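*Asks:* Need the 3D shape of this:
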Amino acid sequence: KHDPLFGSGPATFDYSFVKYRGTEFNISNLWNVRFDAASGNMFEFLATTGIGGTFAFIVVSLILLSVVFIALTRSENKEVKIFLLAAFSSLAVLAANASITAVSGTIILLIAILGSLTTALIVIDYPEKFKELKLSFRSSPKYALALAAIFLLVSAGVVVLFTSGFKIYLADFYANKANSAEAAAAIDYLNKAIATADYQDEYYLRLSRLYMALANQEAQKGQSANINSIQNYLSSAILTGKRAVDLAPNSVVNKESLALIYENAAAYNIAGALEWAEKYYTEIIQLEPDNPAAYIRLALINMAQANKETAAEEKNRFYNEAIKFYGQAIAKKSNFAPAYYGSAVAYEGLSDYNQAIEEMGKAITLAGDNLDYHFELGRMYFNRGVQSQNLQQQQTKDITAAANKDQEVIAEETLSVNQEKTAPPITLNNDLQAAEAIFKNIIDVSPNYANALYSLGLIYETIGNKGQAKQYYERLLDVVSDQPTKEAILKKLQSL
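*Replies:* Sure, this is the predicted structure:
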């Protein structure tokens, strides 16, 4: 699209794909896949070298074909003709296959070998004699000196190429060893790969992800987690991630990985982490303008900023920014359920329950099997139904990426209720009836869905039906496992 005559440049298909793929691609199930190669080399030539490069390649191929044809029809050496025909036939089949389908590096190497063999056989048995240029360096010391210089230069080039090739092989060997090694050994192998070939951004990227995984692993230990270790892992992840970005500044994968690391770092109070994440996602949009994922991440960053603010004006500003980015994500992918869900939560933050319910309904239309979305809709109906009371259910967790995942029962320790004081009973209005029906439908599908059980108990407690409330709270006791939650439910039962 940008330069059809000369293309985007050799070996730049992955950069070109993410930049020019178009919004039509988002309708497919592979919308979040970034292809780094075309389905065939001919298509990749067309994208990276343009019409001019592809035409030149076709011309060279036709010249080779014509030379082979002449050699086969005019040669008198039957044995060479047989070998030439076999080599060229194999070359033609493999080249045709590589031009329309994706092939491995082994096939490309085999094509190069067969091409060299075919060329050698043509030179040996070509019916027309090749012109020979005979040079004698005996008559002139200057020519002898020039030959010696050329020989030394070629020898040095061979040594350099051999050494570079060996170092690349050794670096890949270390990197592959890291795949099956434990964390500490994997870090050591990746550091060895980097020391061997420090220009490969892939090694830095893998090392940064490994440090991030170790930080998450340490964080999962809960209260026994070592905060210093987590922060050290995060710092190492950021440093190596930045190095990967410096080596390949146009790589969307590298910048996305670093932005996610900064998002995780924000949970551990690393100064400016969200701002850095926002910076990299903004750069990703420039490189990959048609992918809705970066817009979603920017919206989530603004939601996180809103949750940190205490001033209503600032909170609303961040909520409006989040809504803007969710809208841009929807513009890129109209059937993106997580964007509608996120937009609904943002509108709820602005206390616009009507718009929040409308957006959540769109999310359920696109992802009807997602029980979390159904619960969130019921929660919003509940909140709108009890606006006059000091009672509100909060969103349970970040489920913006749950549209296509298997359903999970929300953990009991995240029961979504915030009740500051006991409110007088209210009438079972239309909104509470809608919430009640939604929660009951969830229980029919997933009887142990803790938040739905809790919410039904809360509805009946809110309207003064203590018997029904007690029934659902008792069912909830059989579902939850952690002791603090059990004690909270028992306390609520005692108050009924």
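
*Asks:* State the next helix or strand along the chain beyond the worst-scoring helix or strand of the chain on mean pLDDT.
*Replies:* None of the helices or strands of the chain scores lower by mean pLDDT, DSSP states H and E than strand 418-419, at a mean of 46. Using DSSP states H and E, the helix or strand that follows strand 418-419 towards the C-terminus is helix 430-445.

*Asks:* Buried residues in that next one, which are they?
*Replies:* 431-432, 434-436, 438-439, 442-443 (16 or more other Cβ atoms under 10 Å). C-beta here means a position set from N, CA and C on the backbone, and glycine is covered the same way.

*Asks:* helix or strand right after it?
*Replies:* Downstream of helix 430-445 (by DSSP H and E), the next one is helix 450-462.

*Asks:* ok, then the element right after that following helix?
*Replies:* On the C-terminal side of helix 450-462, the closest following helix or strand by DSSP H and E is helix 466-477.

*Asks:* so what does that next one touch, helix or strand wise?
*Replies:* If you count contacts as 3 or more Cβ pairs under 8 Å, 6 or more residues apart in numbering; DSSP states H and E, helix 466-477 packs onto helix 450-462, helix 483-495.

*Asks:* Convert the last one to PDB, retaining C-alpha atoms only.
*Replies:* The C-alpha trace of helix 483-495 is given here as PDB (Å, rounded to 0.1, in the frame of the first residue of the first chain):
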ATOM      1  CA  GLN A 483     -12.100 -18.900  56.900                       C
ATOM      2  CA  PRO A 484     -12.400 -15.000  56.900                       C
ATOM      3  CA  THR A 485     -15.100 -15.200  54.300                       C
ATOM      4  CA  LYS A 486     -17.000 -17.900  56.200                       C
ATOM      5  CA  GLU A 487     -16.800 -15.800  59.300                       C
ATOM      6  CA  ALA A 488     -18.200 -12.700  57.500                       C
ATOM      7  CA  ILE A 489     -21.100 -14.800  56.200                       C
ATOM      8  CA  LEU A 490     -21.800 -16.300  59.600                       C
ATOM      9  CA  LYS A 491     -21.900 -12.800  61.100                       C
ATOM     10  CA  LYS A 492     -24.400 -11.700  58.400                       C
ATOM     11  CA  LEU A 493     -26.600 -14.700  59.200                       C
ATOM     12  CA  GLN A 494     -26.600 -13.900  62.800                       C
ATOM     13  CA  SER A 495     -27.700 -10.300  62.100                       C
END
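
*Asks:* pLDDT averaged over that helix, what's the number?
*Replies:* Averaged across helix 483-495, the pLDDT comes to 85.

*Asks:* Next, the buried residues of it.
*Replies:* So for helix 483-495, counting by 16+ other Cβ under 10 Å, buried means 485, 489, 492-493.

*Asks:* So what's the gap between that helix and the chain middle?
*Replies:* Mean-position distance between helix 483-495 and its chain equals 42 Å (Cα atoms, centre = their mean, to the nearest Å).

*Asks:* which residues of this protein score low on pLDDT?
*Replies:* In the predicted model, the chain carries pLDDT under 70 at residues 1-2, 125-144, 388-424.

*Asks:* which helices and strands sit right next to the lengthiest helix in it?
*Replies:* Longest helix in the chain, counting residues (DSSP state H): helix 141-179. If contacts are counted by 3+ Cβ pairs under 8 Å, 6+ apart, helix 141-179 sits against helix 183-196, helix 201-219.

*Asks:* what element comes up after the longest one heading to the C-terminus?
*Replies:* As assigned by DSSP H and E, the chain's next helix or strand after helix 201-219 is helix 227-247.

*Asks:* which residues are contacting stretch 247-261?
*Replies:* Under the contact criterion Cβ atoms under 8 Å, 6 or more residues apart in numbering, stretch 247-261 has outside partners 14-15, 18, 34, 199-201, 204-205, 208-209, 212, 234, 237-238, 241-242, 244-245, 276-277, 280-281, 283-284, 287-288, 293-294, 297.

*Asks:* mind checking how far that stretch is from the chain centre?
*Replies:* That offset, for stretch 247-261, works out to 10 Å (Cα atoms, centre = their mean).

*Asks:* Next secondary structure element downstream of the helix or strand in which V60 is found?
*Replies:* For V60, the element it lies in under DSSP H and E is helix 50-74. Counting by DSSP H and E, the next helix or strand C-terminal to helix 50-74 is helix 78-100.

*Asks:* Report the buried residues of that next one.
*Replies:* Neighbour counts over helix 78-100 (16+ other Cβ under 10 Å) mark 80-81, 83-84, 87-88, 90-92, 94-95, 98-99 as buried.

*Asks:* same check, this time on stretch 250-268
*Replies:* Residues of stretch 250-268 classed as buried: 251-266 (neighbour count, 16+ other Cβ under 10 Å).

*Asks:* Okay, and which of those map to helices?
*Replies:* Those of the buried residues of stretch 250-268 lying in helices (DSSP H): 252-266.

*Asks:* and which of the residues you listed is nearest to T118?
*Replies:* Set against T118, the nearest of these by Cβ to Cβ is V253 (38.5 Å).

*Asks:* what sits against K324?
*Replies:* K324 makes contact with A299, according to Cβ under 8 Å, 6+ apart.

*Asks:* quick check: angle from the longest helix of the chain to helix 183-196?
*Replies:* 170 degrees (axes from the mean of the first three to the mean of the last three Cα atoms, to 10 degrees).

*Asks:* between helix 141-179 and helix 201-219, how many degrees?
*Replies:* Calculated by the same axes, to 10 degrees, helix 141-179 forms an angle of 20 degrees with helix 201-219.

*Asks:* now for the helix holding V60, which elements pack on it?
*Replies:* Applying 3+ Cβ pairs under 8 Å, 6+ apart, we find helix 50-74 packed against helix 41-48, helix 78-100, helix 105-125.

*Asks:* Any chance of the ones you listed in JSON lines with distance to D372 as columns?
*Replies:* Shown next, in JSON lines, are these (distance: least, Cβ to Cβ, whole Å):
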{"stretch": "helix 41-48", "distance to D372": "40"}
{"stretch": "helix 78-100", "distance to D372": "44"}
{"stretch": "helix 105-125", "distance to D372": "43"}
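
*Asks:* Would you mind saying which of the ones you listed lies nearest S229?
*Replies:* When the helices and strands packed on helix 50-74 are compared by Cβ to Cβ, helix 105-125 sits nearest S229, at 39.7 Å.

*Asks:* Excluding chain neighbours, give the residue nearest to L91 in space.
*Replies:* Distances taken as Cβ to Cβ, 6 or more residues apart in numbering put L114 closest to L91, at 4.1 Å, once the chain neighbours are dropped.

*Asks:* hang on, I meant L239
*Replies:* The shortest distance from L239 to any non-neighbouring residue, by Cβ to Cβ, 6+ apart, is to S208 (7.9 Å).

*Asks:* What distance do you get for F162 to A156?
*Replies:* 11 Å (Cβ to Cβ, to the nearest Å).

*Asks:* just K492 next, same as before
*Replies:* 82 Å.

*Asks:* before we move on, what about A331?
*Replies:* The separation that A331 has from A156, given Cβ to Cβ, amounts to 57 Å.
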